[in-house]
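K.L.:
predicted coordinates and the sequence they were generated for:
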Amino acid sequence: MSPPPSSGKDSAAARILGSGTSGIAELLIFHPVDTVAKRLMSNKSKVSFSSLSPIIFREHATASIGKRFISLFPGLGYAAGYKVAQRVYKFGGQPWFNDLINKHYKTQFNNTFGERKGKLMMQATAGSLTGIGEVVLLPLDVLKIKRQVNPEAFRGRGVIRIFAEEGLTLYRGWGWTMARNAPGSFALFGASAVTKEYVLGVQDYSKATWGQNFIASISGAVASITVAAPLDVVKTRIQNANFERKVSGVTVVKELLKNEGATAFFKGLTPKILVVGPKLVFSYTLAQSLIPLFAQYV
């Protein structure tokens, strides 16, 4: 039996199922890539070919290939909770914010930017609002990053004990996280919408083909990673410190400029685009394709 026709507005269930599935698939495929990126961003010494292996694999740098690969899966449990929740919220929540803006502020956007550009700005603004709200998931992100780059911070404690003992310290770096997410998510959804509208000629984004979603996702991912890179470096360095060590973003910025120079704000940008970019492209493309598909059934 063929599925019923879509009404053009995806249901909440379809958004949750589509974005959640993309999050699970992304986690299984790209978690090692994420670990490599975080360790490169946290490294403060000069990177050379000879030092690359110890930076990436830590104490397993001289181990067998199998053990080195397994060592790239620290914090998988935290990553699972964070990544699936993040993708459900980010890719499922952005359309909700967009619906809200369309309902209450469409006229203002159209009057300011024109009808066509107004639609693009609403998409980007909805993405930015989603990125700001993503800060509620910060504790899971913090635990994931610490497991990837500073496992000594746990000292054998389980997740429940850590939440009980650390409390609000798990939200350390929340301001920098919001500052990174707002322009990053604006660029992700905005660049994707611009590509669909002006390059691919897609008027109804929910009816874009897999190939169109893929091309638009590449534009969005590259724009998002580049725009958010400086604040992402600061955020990562704040979060990978020991629990008892309070490091401010201003301190991180000062030390970074003093010891490493301004170019350090874009440390790892090229490899991040090459290895993290495909991860974002994969999950975003999958979510955009699966949500309308699930909407035909739920």
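P.N.:
Sure, I can see it.

K.L.:
okay, now the unreliable bits of the chain?
P.N.:
Applying pLDDT under 70 to the chain flags residues 1-9, 75, 78, 148-149, 239-246, 275.

K.L.:
and the helices in the protein?
P.N.:
12-42, 49-57, 65-70, 76-113, 115-133, 138-149, 159-166, 174-194, 210-239, 249-259, 269-295 (DSSP state H).

K.L.:
can you list the buried residues in the fifth one?
P.N.:
Counting neighbours by 16 or more other Cβ atoms under 10 Å, one finds that the buried residues in helix 115-133 are 118-133. C-betas here are computed from N, CA, C, even on glycine.

K.L.:
cool, the fourth one as well?
P.N.:
Using 16+ other Cβ under 10 Å as the burial criterion, the residues of helix 76-113 that qualify are 76, 78-98, 101, 109-110.

K.L.:
quick check: residue 54 touching residue 68?
P.N.:
No. Applying Cβ atoms under 8 Å, one finds residue 54 not in contact with residue 68, separated by 11.2 Å.

K.L.:
next, the contact list for the closest residue to residue 116 other than its chain neighbours, please.
P.N.:
Distance criterion Cβ to Cβ, 6 or more residues apart in numbering; nearest residue to residue 116, sequence neighbours excluded, is residue 197 at 6.9 Å. Residue 197 sits next to 116, 119-120, 203 when contact means Cβ atoms under 8 Å, 6 or more residues apart in numbering.

K.L.:
what is the nearest of those residues to residue 64?
P.N.:
residue 120 (50.3 Å; Cβ to Cβ).

K.L.:
residues in contact with the closest one?
P.N.:
Counting by Cβ under 8 Å, 6+ apart, the residues that residue 120 touches are 113, 190, 193-194, 197.

K.L.:
one more pass at 6 Å, please.
P.N.:
For residue 120, the contacting residues are 193-194, by Cβ atoms under 6 Å, 6 or more residues apart in numbering.

K.L.:
distance of it relative to residue 152?
P.N.:
Per Cβ to Cβ, to the nearest Å, residue 120 is found 46 Å from residue 152.

K.L.:
again with residue 89
P.N.:
Counting by Cβ to Cβ, the gap from residue 89 to residue 152 is 30 Å.

K.L.:
now swap in residue 273 and tell me
P.N.:
Counting by Cβ to Cβ, the gap from residue 273 to residue 152 is 30 Å.

K.L.:
got it, and residue 92?
P.N.:
Applying Cβ to Cβ to residue 92 and residue 152 gives a distance of 36 Å.

K.L.:
residue 47 too?
P.N.:
Counting by Cβ to Cβ - residue 47 and residue 152 are separated by 22 Å.

K.L.:
also residue 143?
P.N.:
Per Cβ to Cβ, residue 143 is found 14 Å from residue 152.

K.L.:
the more surrounded of residue 47 and residue 152?
P.N.:
residue 47 (14 against 7; other Cβ atoms under 10 Å).
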